[in-house]
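1. Give me coordinates for this.
(chains A and B)
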Amino acid sequence: MSWRRSRQTVSASRLLVSTLCLVAASCVWASAAASQAVGLAEEQVLRIALDTSDKGRLDPHVGVSANERAVISYMFSALVRYKPGDMTVFEPDLAESVPEPELRDGRQVWVFQLRQGVRTHPFPGYPDGYELTAEDVVYSFKRVADAKRSSFAGSYKGMNVDASGEYTVVFTLEEALSPSLFLPLVVNFGGGFVVPRKAVEALGDEGFGAHPVGTGPFIYADYVPLTRVVLSGFSAYFRGKPVLDRVEVYYIPDVSARELALLSGAVHAIAGVREEVWVESMEAKPGIKAVAFGPGSICPLYINRTVPPLDSLGVRRAIFYALDRDDIVGIFGEGVAEPTYSILPTGYMPGALTLQDLEEAGYTWQYQQDLQEARRLLVAAGYPSGFTLRVFASERADYQLLYQWVERALAPIGVKLDITLVDHTTFHAKYRANENPFVFLVTARANSDIYLTTHFHSASRVVVGASPNLNFTQYTSVDAYIEQARIETDPVSQAEFWKLACLQIAEDAVAYPTFVLKPTYAYWEYLDWGYEVRSFMNTAMDITEQTRLMDH
Amino acid sequence: MVFLRAYIARRLIQALPTALLVVTLAFVFARIIPGDPAVAALGVYASAEAVQSLRARMGLDAPLWAQYGRYLADLLRCDLGRSLVSGYPVVNQLAVALPHTLLLTILGMIGGVFLGLLLGVTAALSRNRLWDYVARAISFVGISVPAFYLGLLLMLAFSIALRLFPTMGAGDWALPATVASHLALPALTLALIVAGYTTRLSRSVLLDVLGEDYVRTAHAKGLSRRVVILRHAMRNTLIPVISLVGMYFATLVGSSVMVEIVFSRPGVGRLLVGAIMQRDYIMLQSVMVVYALFIIVVNLLTDISYGFVDPRIRYE
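-> Got it, this is the predicted structure:
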């Protein structure tokens, strides 16, 4: 009896389990069927709003701002591209593959085999465009190296570009470069975009800037001044016809106006504010997704080591000991601000220091708040009562938060900041004139060499350097590491030199890394970008041939 | 009519030194604001070499007097130069932006004056009663709430909640209905601001006028209340209102900048703010000149309109 009951129980259990499985399977099937049923939206017109007043310059060799580069990237291709949504990976674009460097007659050579059948957008005289060949690529890199026609000429010195056949391009470098330094020159960022020679010659530089012609997924179609640029899908795009028929890029400088445009449904995606509060507030809206994406910008505190009493190493280390990184990260929010202990941010720049590196080196001032030690160092340096520094702070909200944080952190050790608030352009002018002892600069750079060279090489010292740039710490101690890394072709050894530079900078306490600040976007959840959103070299999202609007 | 023409000619001649002063000040202001236009154009990461090269191409390395001379000569040829940011001729960009700003400002002003007069007269005629309080409350909102905030509130109510009007842009000139729908909320924002001042002024002036002997005489003659108010009292109420309109126009132009930003309208305000942010001094000086000339013209029109409202005013 008990056996029968037991068997009945087992049967009943099996039945129950089977039924549950069936129900679960039905649910899964129904869910899958439902998701399949969610097809493409009837109207494939993507509207996005960028945070600027107008389109600026859309010639890929001239436009430098993030918003200009965003629109340029929708229209142009390069030999190599950052994988959409993941800028840590290079993948072929106009080239068939990403090559390895070769050595020919003692010179480093990079040979690119071009895809065949890549067509340009139509332009006057060429209603169907024409096939892009090596000749166009050569023309493009000669143009970008011409200072009169390009904003990026400086990066392309010492590079000889030739065509070897119709689909082969050969770059011969005067000085060998590692892949991490060379590939960013031919990638879809900065000056790497390829322009079709016949289009530039037919339209002239000015005409080409006004009506760009590329080989990317979208064609420049229309421009309404101060309002929008309209791009249409390029049916002959070499990766296939884009799903989107049209992309309309709106220029809305005010964030509140952008939010309202998104919520009203007038646009599908907007550039956001780099604050977690903003991301959370947008996420809370039904149907809206908000993301903070990498790699973001670094914003260390740079200290001018020539301004007394900051010329004392003890004073600089005392200042570092007084700072609390967690405090400022908390102000911006961990969702958008990722703490970093290295001048080169970890994650995408080779040579970055980890917390472990600093611990092993014993550079406690770089990662640990210790007010007692800070006070002791100030006394030892001859400033037992602290001192007052005149500082210029940008009126931009994020910069104000940074300067207020430093002011608050230094008060307990007697260091007072006499802060003058200036507009953002004046702020730039002040540090370029070497008039600001404490500088925060929110920066995103393509590679370790560019960042270290522009910020820490002696030639880049503001005012006094041979080629003044952004070295406002007036630092001179890592030139050798930067230069050795530049000519090192082995990526591992190269990263080691950059790491040594970072360690030296940490030891000398001239720049305090705070965090990496990520750009943000908000968009309707029915917008499918066509890739996983992780990181972008630019501060704008990629729009590719796969981007589409789902039914909603 | 002869007197009027002579008056206009005289005022125009008088306006010339003012215009020259404005043009000069615009030139000076655009150059004394901090920041290097070449750095603004190339970005803060540009090398000193690239910045210097662009400065030379912009003509910024020439002495200031030479730049000023070239600027004046270009102005006489109606050549305002090319925007340092977009590379487009400034005249073309102004030609696109100015109609939007003029339409917005004029409609805001006209709407505001009508609304203000309506509220002011209603308030005066129902003094210390419900409609008086309502009109004064609306006036208070118009005066005290900043233009950008008022615009956002209207947008939240009419564009987001009710979905009646678009949130951005200015519509398509080829489709007048779209222009009207895009103009409604920005114009209402400006109109409420103007109405705030006009209501208060017209209410107090009408209350004074209603106590005048000639109004009492008109009533004694047996004229209807409507006729007394419209034909006798209102005409005298309008003179200070017109003065206010003339004076307030400059303020309204300032408010229109904020309204254009909030509603993302492609007007001169957007050009101005963009030029300041990007240190596009060529655009900046041109926009300043246009605004100043705009106000000179409005002042002239205000002076001329006095004579139409009050026949006692002559143009000799």
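2. Starting from the least confident helix or strand in chain B by mean pLDDT, tell me the next helix or strand along the chain.
-> Every helix and strand of chain B was ranked by mean pLDDT, DSSP states H and E. The lowest is helix B:37-42, at a mean of 71. Next helix or strand after helix B:37-42 toward the C-terminus (DSSP states H and E): helix B:48-58.
3. contacts for that next one?
-> The contact list for helix B:48-58, computed with CB atoms under 8 Å, 6 or more residues apart in numbering or on different chains, reads A:147-148, A:151, A:153-154, A:467-469, B:36-39, B:41-42, B:61, B:84. Using the backbone N, CA and C atoms, a C-beta is placed for each residue, glycine as well.
4. at 7 Å what do you get?
-> A:147, A:151, A:154, A:467-469, B:36-39, B:41-42, B:61, B:84 (CB atoms under 7 Å, 6 or more residues apart in numbering or on different chains).
5. quick one: which two of these are the most distant?
-> A:467 and B:84 (23.3 Å; CB to CB).
6. Which one's more surrounded, the two?
-> Neighbour count, other CB atoms under 10 Å in any protein chain shown: between residue A:467 and residue B:84, residue B:84 has more, with 22 against 16.
7. my guess is that one is in a helix, correct?
-> No. Residue B:84 sits outside any helix when classified using DSSP: H, G, I helix; E, B strand; the rest coil, being coil.
8. list the contacts for it?
-> Counted by CB under 7 Å, 6+ apart, residue B:84 has contacts B:37, B:41, B:58, B:280, B:282.
9. residues in contact with the closest residue in space to it that isn't next to it in sequence?
-> Closest residue in space to residue B:84, ignoring its immediate chain neighbours: residue B:280 at 4.6 Å, by CB to CB, 6 or more residues apart in numbering or on different chains. Going by CB under 7 Å, 6+ apart, residue B:280 touches B:37, B:83, B:84, B:85.
10. Residue A:45 against residue A:246, yeah?
-> Yes. The criterion here is CB atoms under 7 Å, and residue A:45 meets it with residue A:246 at 4.5 Å.
11. And those two? Which one has more around it.
-> residue A:246 (18 against 15).
12. residues of stretch B:113-132 that come out buried?
-> Of all the residues in stretch B:113-132, those buried under the rule 16 or more other CB atoms under 10 Å in any protein chain shown are B:113, B:115, B:116, B:117, B:119, B:120, B:121, B:122, B:123, B:124, B:125, B:132.
13. contacting residues around the residue positioned nearest the centre of chain B?
-> Computing the C-alpha centroid of chain B and ranking residues by CA atoms, centre = their mean puts residue B:253 first, at 2.7 Å. Residue B:253 is in contact with B:105, B:291, B:294, B:295, counting by CB under 7 Å, 6+ apart.
14. which of these tops the neighbour count?
-> Among those, the one with the most neighbours (other CB under 10 Å) is residue B:105, at 26 neighbours.
15. From residue B:176, how far out is the closest residue to that one other than its chain neighbours?
-> Leaving aside its sequence neighbours, residue B:105 sits nearest to residue B:256 (CB to CB, 6+ apart; 5.1 Å). As for residue B:256, its distance to residue B:176 is 21 Å (criterion: CB to CB, to the nearest Å).
16. neighbour-wise, which of the two wins?
-> Just comparing residue B:256 and residue B:176: by other CB under 10 Å the higher neighbour count belongs to residue B:256, 28 against 10.
17. Check whether that one really touches residue B:103, as I assumed.
-> No. In this structure, residue B:256 is not within contact of residue B:103 by CB under 7 Å, at 10.3 Å.
18. part of a helix, is the residue nearest to residue B:105?
-> Yes. Judged by three-state DSSP, residue B:256 forms part of a helix.
19. burial count for the one residue in the stretch 151-300 of chain A that gets nearest to chain B?
-> Residue nearest to chain B within the stretch 151-300 of chain A (CB to the nearest CB): residue A:226, separated by 3.3 Å. Neighbourhood size, residue A:226 [other CB under 10 Å]: 26.
20. which residue sits closest to it, ignoring its sequence neighbours?
-> Nearest residue to residue A:226, sequence neighbours excluded (CB to CB, 6+ apart): residue B:266, at 3.3 Å.
21. Over to that neighbour: give its phi and psi.
-> Phi and psi for residue B:266, reported as degrees, to the nearest 10, are phi -80, psi 60.
22. show me what contacts it?
-> A:224, A:225, A:226, A:227, B:96, B:97, B:100, B:170.
23. Report pLDDT for it.
-> For residue B:266, the pLDDT comes out at 91.
24. Then residue A:296?
-> With respect to pLDDT, residue A:296 scores 84.
25. Around it, count how many other residues there are.
-> If you count neighbours by other CB under 10 Å, residue A:296 ends up with 26.
26. Is it correct that it is in contact with residue A:516?
-> Yes. Contact status for residue A:296 versus residue A:516: in contact at 4.2 Å, counting by CB under 7 Å.
27. Just the pLDDT for residue A:490.
-> 88.
28. again with residue A:467
-> Taking residue A:467 on its own, its pLDDT is 82.
29. what's the closest non-adjacent residue to it?
-> Nearest one to residue A:467, counting by CB to CB, 6+ apart, is residue A:459 at 4.9 Å.
30. and the one you found, what is it in contact with?
-> Applying CB under 7 Å, 6+ apart, the residues near residue A:459 are A:465, A:466, A:467.
31. now, which of the residues you listed sits nearest chain B?
-> Using CB to the nearest CB, residue A:467 is the member of these that sits closest to chain B, with 5.8 Å.
32. Am I right that that closest one falls within a strand?
-> No. When classified by three-state DSSP, residue A:467 is found to be coil rather than part of a strand.
33. unless I'm mixing things up, it is touching residue A:460, no?
-> Yes. Contact criterion CB under 7 Å: residue A:467 and residue A:460 qualify, at 6.4 Å.
34. taking the buried residues of stretch B:113-132 one by one, which sit in helices?
-> Judged by DSSP state H, the buried residues of stretch B:113-132 include B:113, B:115, B:116, B:117, B:119, B:120, B:121, B:122, B:123, B:124, B:125, B:132 as members of helices.
35. I'd say the last one and residue B:125 touch.
-> It stands for residue B:132. No. With contact defined as CB under 7 Å, residue B:132 does not reach residue B:125; the gap is 8.6 Å.
36. secondary structure element for residue A:318?
-> Short version, using DSSP H and E: residue A:318 is in helix A:313-322.
37. which strands and helices sit next to the following helix or strand past that helix?
-> Next in sequence after helix A:313-322, counting helices and strands by DSSP H and E, comes helix A:325-332. Applying 3 or more CB pairs under 7 Å, 6 or more residues apart in numbering or on different chains; DSSP states H and E, one finds that helix A:325-332 contacts strand A:337-339, helix A:397-410, strand A:515-517.
38. Can you list the buried residues in helix A:325-332?
-> For helix A:325-332, burial by neighbour count (16+ other CB under 10 Å) applies to A:325, A:328, A:329, A:331, A:332.
39. and the last one, what does it touch?
-> Meaning residue A:332. With contact set as CB under 7 Å, 6+ apart, residue A:332 has these partners: A:275, A:276, A:515, A:517.
40. If we use 8 Å, what do you get?
-> A:274, A:275, A:276, A:398, A:401, A:515, A:517.
41. do the same with the third one
-> With contacts defined as CB under 8 Å, 6+ apart, residue A:329 is in contact with A:337, A:338, A:339, A:514, A:515.
42. Can you check what pLDDT the model gives it?
-> Confidence score, pLDDT, at residue A:329: 93.
43. returning to what we had before: gap between the residue nearest to residue B:105 and residue B:112?
-> From residue B:256 across to residue B:112, the span is 12 Å (CB to CB).
44. what residues are shared contacts of these two?
-> residue B:190.
45. thought residue A:103 was touching residue A:109?
-> Yes. In this structure, residue A:103 is within contact of residue A:109 by CB atoms under 8 Å, at 7.1 Å.
46. Helix or strand: which one has residue A:230?
-> Using DSSP H and E, residue A:230 falls in strand A:228-233.
47. can you tell me the distance between the two ends of stretch A:264-276?
-> 22 Å (CA to CA, to the nearest Å).
48. what comes up buried for that stretch?
-> Quick answer for stretch A:264-276 (16+ other CB under 10 Å): A:264, A:266, A:267, A:268, A:269, A:270, A:271, A:272, A:273, A:274, A:275, A:276.
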